[in-house]
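Peer 1: Pasting the sequence and the predicted model now:
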Amino acid sequence: MSHTKITPAAAARRGALVLLAVLTLGPLALGSSPVGAAAGKPLVATSVRTVTSGASTFITVEATAPMAYTVLRPDARHIIVELPGVDASQLSPAYGVTSPLVGGLTVKQSLRGAEPVATLRVELRAPARDRSRLEGSYLVLELLPVDAGEAPAASDSGQARPTPTPPGNPSQTAQTTQGSQFGQPGFVGEPINLNVVNADIRDILNYITEQYGVNFVVDSSVQRVPVTINVTDVPWNFALDSILKANRLGVEVNGNILRVATLVVLKDESKIRAEEEMARTSLRDAQLLNAPLVTEFVRLNYARASGSLASASAGADGFVGGGSSSAGAGSGGDSGILPIIARRLSRRGGIEVDGRSNTLIITDVRENIDAIRRLVHLLDQPEPQVEIETRIVVANRSFSRDLGVQLSASLLNPSRGAGITFENGPNSATGLNPGGLPGGLVGTPGASPGLSAANPTTVIGLTTGIFGTAQIGALITAAESKGQAKVVATPRVTALNNRSAQIESGAQIPVVTPQVGGGGAGAIFTTTFVSVPLRLSITPQITDAGTVILRVTMENNTVNRTIINALGTPGIDTQRMQTEVLVPDGGTTVVGGVLNDRETDTQNRTPGLASVPILGNLFKRKSVTRNTDEILFFITPRIYRADYQGRRVESEPATGTRSVTIPQPVPLGNPSSNTPATSVPAGPPTQQQQAPAPIVIQPAVQPAATTSTTEPQPASPPRQ
């Protein structure tokens, strides 16, 4: 065993080296460790300076290191700057400021837990906007004056809270109700400005609660999380979503309360709820499989169990007459309430219809029978009906005027048998007409389409008499007619809601069709009757708002005796209209109209002479004709609402859509495509299913209400 002897001089040198290492590495070790950081001195604010440059005022806070800060706006005249972890003992309690925007600056030192907090309170002389930024160890707060018309509470820094609106201001009421709209599709909140550094997320949630009325419940899984945000004019709900996503937090909405928790906690809770729901579903299915079945007999009053009256009549309600038929009024393809009830049965349920008594026979578990009974009661109600009065007005106006002039001259030489005649109209004979008009003009008015008026009502004749063998005559013919006709047809019909109605009135004309027989036989004539009706077909839809939606088809046909073919069959004039229109109860509207206006101007002229001014009127015929045809369709609906006894019920117009909620106690099982069939365990039926009970007849609430009879079902019926 060897021993090393250390001399005093060597020991002194070794101790000096150890002391030097401790002095060099000690601060580094303490500063890099949490203990060292905690044991170190806090940040110290060393000075506050205020500078005015133009219209802006700059407040600069200097510290020994970069510092976290929060800028708050409690009202429009104060700004508060909080500096957590900063020692303000070296600052003065108050600073005098010479600025048009700042009236004073005070400094307050406090403790939050074991941590010092420095608070700077800025008092404003006038409303101002603030901007804040951190430049190294300097915090700069810039104040700018508010422009004319700008909101005083606007904050460019984002840390400044919007100025609270005085009570009674409508904008504040609209702003605080936005919390209940959070999470709704398409919702965009009020813009928000936030600029915070290392702020606690719980403080940010509290700020949003105060400003926008959002009710937050922060889960215990959310710890103190430092958040740095700098957003400008961003909807507050968008900013909140971004904050939560950045920190892996989620929101669970329960009415108007938002619960904030970590994503892990929300995911675990969702799994637990899903497992509980599956367990409840399995238990519910087992209870339904073992529940006794009940048969309900529901006799309907107003609704059809299956089909409609139109289908039940099997086409017997069609219009028949003169060899032609047309379909009558129908229900528009209504299939009754059977498909509606069948879809709401459970897997074990079944339904049948007794068409003779209009009765539904429903078999299902008791609680589903009760829900179906409520549904049937809502559907089996008396439907309102509407009386539709229409007016078809046909107006015809005609006017014609015809003016004609005829001239004739004759020069005869009886001794030599020669002569000269002239006339500008047709002449049926030549020669002199002693004591009257020239022979060519006698009896000519209206006889042919010359220069005389057709069917004249006035004839004026002039003659020069006989001057030797010369005779000159003139004939003026004039005709004018004016006519006006008005035809009004008023068909009227009453129909149930969503049921079509039809009414016809008119004549039927025979149409003879010849056919050549084979084998040299004579022609065979076939007679077919064609209807020429005045027809109204209408389908109303009555709304709760006191209006009626109408699908209208109106047709007015008349026989035209002026158009006849070789076999004597006349023509048919047709006016038709089809439309859908919304009309108020008792209101009248014009649903259609046609106006035909025809004007004809005709002249018959003698070439050349008719162009001579003034004198040319003796050599022309002028005819003017005007015809105007107008047809209008008016319609007036009147709603009639009846109670169970058929008495009229006055109802107020609805201001919105009616809705009634009916619970669905069992899963949908019929038709089988709704829910997969569940196999029933084999074995003898339970004692509860084997025990039949007597039939119970439940009295209806009203004498005319739906009647139902309940009978227990001892065993499960086979699936349909």
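Peer 2: Great, that's in hand.

Peer 1: where are the low-confidence patches of the stretch 1-150 of the chain?
Peer 2: 1-42, 147-150 (pLDDT under 70).

Peer 1: can you give me the helices in it?
Peer 2: Listed in chain order, the helices of the stretch 1-150 of the chain (DSSP state H, counting those that start in this stretch) span residues 8-32, 34-39.

Peer 1: Residues touching stretch 575-587, excluding its own?
Peer 2: Stretch 575-587 has contacts (C-beta atoms under 8 Å, 6 or more residues apart in numbering) with 392, 394, 546-557, 589, 591-592, 594, 631, 633, 635-639. In this view, the C-beta of every residue, glycine as well, is placed from N, C-alpha and C.

Peer 1: Filter the residues you listed down to the buried ones.
Peer 2: Buried members of those, scored by 16 or more other C-beta atoms under 10 Å, are 392, 394, 547-548, 550, 552, 554-557, 591-592, 631, 633, 635-637, 639.

Peer 1: just checking, which of those belong to strands?
Peer 2: Counted as lying in strands by DSSP state E, out of these, are 392, 394, 547-548, 550, 552, 554-557, 591-592, 631, 633, 635-637, 639.

Peer 1: Test my guess that V493 contacts I388.
Peer 2: Yes: using C-beta atoms under 8 Å, V493 is in contact with I388, at 5.6 Å.

Peer 1: E269 in helix, strand or coil?
Peer 2: Of the three states, E269 takes helix under DSSP: H, G, I helix; E, B strand; the rest coil.

Peer 1: Who are the contact partners of it?
Peer 2: Neighbouring residues of E269 by C-beta under 8 Å, 6+ apart: E252.

Peer 1: Distance of it relative to N358?
Peer 2: E269 sits 52 Å away from N358, going by C-beta to C-beta, to the nearest Å.

Peer 1: same thing with L300?
Peer 2: From L300 across to N358, the span is 5 Å (C-beta to C-beta).

Peer 1: V493 and I388: which has the busier surroundings?
Peer 2: Using other C-beta atoms under 10 Å as the criterion, V493 and I388 rank with I388 on top: 22 against 18.

Peer 1: Quickly list what that one is bridged to.
Peer 2: V493, P637 (DSSP bridges).

Peer 1: Helices of the protein, start to end?
Peer 2: Ranges of helices within the chain are 8-32, 34-39, 170-176, 201-212, 236-246, 263-290, 309-312, 338-342, 366-379, 687-690, based on DSSP state H.

Peer 1: What are the buried residues along the fifth one?
Peer 2: Pointing back at helix 236-246 there. By neighbour count on 16+ other C-beta under 10 Å, the buried set for helix 236-246 is W236, N237, A239, L240, I243, L244.

Peer 1: what angle separates it from helix 201-212?
Peer 2: Orientation check (axes from the mean of the first three to the mean of the last three C-alpha atoms, to 10 degrees): helix 236-246 against helix 201-212 gives 170 degrees.

Peer 1: let's number from 13 now, not from 1
Peer 2: Sure thing, new numbering starts at 13, so read that last one as helix 248-258.

Peer 1: related to what we said a few turns ago, find residues that contact each of V505 and I400.
Peer 2: Residues within reach of V505 and of I400 at once, by C-beta under 8 Å, 6+ apart, are A513, L548, I550.

Peer 1: out of the residues you listed, which are inside strands?
Peer 2: Here DSSP E is the test, and the shared contacts of V505 and I400 give A513, L548, I550 as lying in strands.
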